[in-house]
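1. I'll drop the sequence and a predicted model, then ask my questions.
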Amino acid sequence: MLRVTIVTPFGEVFDGETEQVVAPGYEGEFGVLDEHIPFLTRSQPGVVTLKQGGKDLLFAIGESFIEVSPDRVLVLAESAMSPDQVEKDAVQKDLADAEDRLANSDMTLDDPEVICAQHDIRLAEARLQIL
């Protein structure tokens, strides 16, 4: 079993035992099982799936650092929400606003406004995905 802790600047979102963690890396999703080799990585906004007793616990996370050790996973996220914390209407509005900002931007892909809009889109899509 893995001890998993998901923490944001506002407090702990989850702390418990799980069999597997699947998280959104920048090169694609990655999975962690008990006795995994230690590593530290950055994670993009997306869905973290915790496999626990045959059920999936889902969390939408913002950009994060994830530390993996053989018996523990620590997610230090800018934001994290469980499905019961997501307000669908508000997230759909956030998604539409971010898509409008991106569509109406005449900036290049590396412009901070474009990067921020892309981040907000990925985060909103993750939040909708866990509903």
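-> Cool, the structure landed. Numbers count the residues shown, from 1 in each chain.
2. buried residues in the lengthiest helix in the chain?
-> Identified as the longest helix of the chain according to DSSP state H is helix 112-129. Residues of helix 112-129 classed as buried: Val114, Ala117, Gln118, His119, Asp120, Ile121, Arg122, Leu123, Ala124, Glu125, Ala126, Arg127 (neighbour count, 16 or more other C-beta atoms under 10 Å). Every C-beta, even on glycine, is put in place using the N, C-alpha and C of the backbone.
3. do stretch 24-32 as well
-> Pro24, Phe30, Val32.
4. Show me what it is in contact with.
-> The contact list for stretch 24-32, computed with C-beta atoms under 8 Å, 6 or more residues apart in numbering, reads 2, 20-23, 41-48, 61, 68, 73, 126.
5. still on that earlier bit, which of the buried residues of stretch 24-32 sits closest to Val86?
-> Pro24 (16.6 Å; C-beta to C-beta).
6. ok, what's across the strand from the closest one?
-> Pro24 forms beta bridges with Glu29, as assigned by DSSP bridges.
7. List buried residues within the contacts of stretch 24-32.
-> Buried among the contacts of stretch 24-32 by 16+ other C-beta under 10 Å: 2, 20-23, 43-48, 61, 68, 73, 126.
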